[in-house]
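Student: Fold the stuff below for me.
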Amino acid sequence: MGRRIIYRIDDKQGNRFTEGEWDEIERLQHWYNSEFSWSTGRLAVKRYILFPNAEEFENLEIPIWEVIGQRHASLRAEGLSEPQIISQMENDKLIIVKWGGYYDNCLASGFTRIADNEWNAYLVCDFLLKASTLCPNASINVSDEGRFIKTGRVEFRNGSVEVGKPEAGSEVDVEDVCATRRIFSVVDPEKYNRHPAFRNMIPEFGKLRMSERTKLVRNWNWLGYEGNFDDNGDDVSGFDLNTKVRSFLVRI
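Tutor: All right, here's what the predicted structure looks like:
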């Protein structure tokens, strides 16, 4: 499994957003996914995940997704909002809904596979920082399985960054990287102009010699902890997300 950046808005007191704010976040997400190249995964922050209730309607003469589509269209024609439509179809037992996205106890959540594409890591966090200004009354928790976020975890709220205690064994001085605005790595996008697209299937992989297998998969580093950096996870020049952050706060 490739290295991921995970993001979540926890379902807790003090976190809230309006339907209008969420609509703006979805528009921004669509723009990022359409405007930029993604080699491994795309942005996927979701308020819910849908599954067809196939067991309840297993004897239908038409596919369950066609029934769901027809019901969705009729409810939309009645003027219902998207969350209202989902709730009604859940009540109709047409669908099974996992509210909060991919992770439990969330208002919204998701993840993006990054592998070793640090430019994509930059884009994910750039999007999330902007999204936090669109829902200023909610905090977005972000964790990086690689090294773009030098502290491993941060919290975005209304354009600012809050950092907690470092994880056990971490060599990062949290107070220092906050004071010097070095939480996020500097990324040169030119290094990733021709980054290969991710493939999760290689024909007849099992028949290849070990040297051939290594050559095919080595660039992904799987968890993405290593990369083409110039120094300590940074490039000499490039895009610096730290300059866009309104303020940094260390939470002890």
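Student: Which elements pack onto the helix or strand encompassing Ser34?
Tutor: Ser34 is located in helix 19-35, with elements delineated by DSSP states H and E. Helix 19-35 sits against helix 118-134, with contacts defined as 3 or more CB pairs under 8 Å, 6 or more residues apart in numbering; DSSP states H and E. Where you see a C-beta, it was placed from the backbone N, CA and C, and this is true even at glycine.
Student: How far away from the center of its chain is the helix it packs on?
Tutor: 9 Å (CA atoms, centre = their mean, to the nearest Å).
Student: same question, stretch 84-102
Tutor: 22 Å.
Student: just stretch 138-148 next, same as before
Tutor: Here stretch 138-148 is found 9 Å from its chain centre; the criterion is CA atoms, centre = their mean.
Student: Kindly export that stretch (C-alpha atoms) in CSV.
Tutor: This file holds the C-alpha atoms of stretch 138-148, laid out as CSV (Å, rounded to 0.1, in the frame of the first residue of the first chain):
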residue,chain,number,x,y,z
ALA,A,138,-13.9,23.3,11.9
SER,A,139,-10.5,21.8,12.4
ILE,A,140,-9.0,19.5,9.8
ASN,A,141,-6.6,17.0,11.2
VAL,A,142,-3.9,15.9,8.7
SER,A,143,-1.3,13.1,9.0
ASP,A,144,1.4,12.2,6.6
GLU,A,145,2.9,8.7,6.4
GLY,A,146,6.0,10.3,4.7
ARG,A,147,8.1,13.4,5.3
PHE,A,148,6.3,16.3,3.6
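Student: for it, what is the average pLDDT?
Tutor: Averaging pLDDT along stretch 138-148 gives 94.
Student: Of all the residues in that stretch, which ones are buried?
Tutor: Judged by neighbour count (16 or more other CB atoms under 10 Å), stretch 138-148 contains these buried residues: Ala138, Ser139, Ile140, Asn141, Val142, Asp144, Glu145, Gly146, Arg147, Phe148.
Student: Surely the first one is in contact with Lys12?
Tutor: Okay, so that is Ala138. No - the pair Ala138 / Lys12 is not scored as a contact, 9.8 Å apart, by CB atoms under 8 Å.
Student: which neighbours do those two share?
Tutor: Common contacts of Ala138 and Lys12, defined by CB atoms under 8 Å, 6 or more residues apart in numbering, are absent altogether.
Student: Flag the shaky bits of this protein, pLDDT-wise.
Tutor: The model of the chain has pLDDT under 70 over residues 1, 166-169, 196-203, 205, 213-227, 252.
Student: And the strands in it?
Tutor: 4-10, 48-52, 95-99, 106-113, 140-144, 153-157, 160-163, 248-250 (DSSP state E).
Student: in the last one, what's buried?
Tutor: Which is strand 248-250. Those would be Phe248, Val250, for strand 248-250 by 16+ other CB under 10 Å.
Student: list the contacts for the residue sitting nearest the centre point of the chain?
Tutor: What sits nearest the mean C-alpha location of the chain, by CA atoms, centre = their mean, is Phe111, with 3.4 Å. Counting by CB under 8 Å, 6+ apart, Phe111 touches Arg4, Ile5, Ile6, Tyr7, Gly41, Ala44, Tyr102.
Student: let's see 6 Å
Tutor: For Phe111, the contacting residues are Arg4, Ile6, by CB atoms under 6 Å, 6 or more residues apart in numbering.
Student: Can you name the residues bridging to it?
Tutor: Ile6 (DSSP bridges).
Student: For Gln84, see how far away it is.
Tutor: Going from Phe111 to Gln84 by CB to CB, to the nearest Å gives 27 Å.
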